[in-house]
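Trainee: Based on what follows, work out the 3D shape:
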Amino acid sequence: MPADPALPRHFWLPIPAGDQNSGKRHAFRGRRWEGERSGTTVCAEEVPMARPSEMDWITLPTCLNCYEILRKEQD
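Mentor: Numbering: from 1, shown residues only. Okay, here's the model as predicted:
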């Protein structure tokens with residue numbers, strides 16, 4: 001099913017926290033990450049951004065706040 005062009009684009013990016021075993025996959029407004037050093041998540045957190053590792057993608061859970069905001073925008 002193609003994306004609705006009326007909905008704003010977003011992308012997901014894992015954001016590790018201070019220790020290696022925590023953090024979340026946050027959503028950001030835009031088409032893709034383009035190397036910015038920091039950004040504001042859909043859930044309004046200001047976070048540092050960096051190229052994630054494969055393990056970050058696998059182990060970090062989805063931010064439920066970002067998920068809920070995006071889900072409500074589709075209603």
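Trainee: Packing partners of whichever strand or helix holds residue 12?
Mentor: Assigning secondary structure by DSSP states H and E places residue 12 in strand 10-16. Strand 10-16 sits against strand 23-29, helix 54-59, with contacts defined as 3 or more C-beta pairs under 8 Å, 6 or more residues apart in numbering; DSSP states H and E. Yep, even glycine has a C-beta here, placed from its N, CA and C like the rest.
Trainee: what angle separates that strand from strand 23-29?
Mentor: Computed by axes from the mean of the first three to the mean of the last three C-alpha atoms, to 10 degrees, the angle separating strand 10-16 from strand 23-29 equals 150 degrees.
Trainee: Direction included, what does strand 10-16 pair up with?
Mentor: strand 23-29 (antiparallel) (DSSP bridges).
Trainee: What is the neighbour count of residue 56?
Mentor: For residue 56, the count of nearby residues is 17 (other C-beta atoms under 10 Å).
Trainee: give the contact list for it.
Mentor: 14, 16, 23 (C-beta atoms under 8 Å, 6 or more residues apart in numbering).
Trainee: let's go with 7 Å and repeat that
Mentor: 14, 16 (C-beta atoms under 7 Å, 6 or more residues apart in numbering).
Trainee: same deal with residue 60?
Mentor: Contacts of residue 60 by C-beta under 7 Å, 6+ apart are 14, 16, 23, 24, 25.
Trainee: Find me the pLDDT at it, would you?
Mentor: Per-residue pLDDT puts residue 60 at 95.
Trainee: on that earlier part again, whichever of the contacts of residue 60 end up buried, select them in ChimeraX.
Mentor: This is how ChimeraX selects the buried members of the contacts of residue 60, with burial counted by 16 or more other C-beta atoms under 10 Å:
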select :14,16,23,24,25
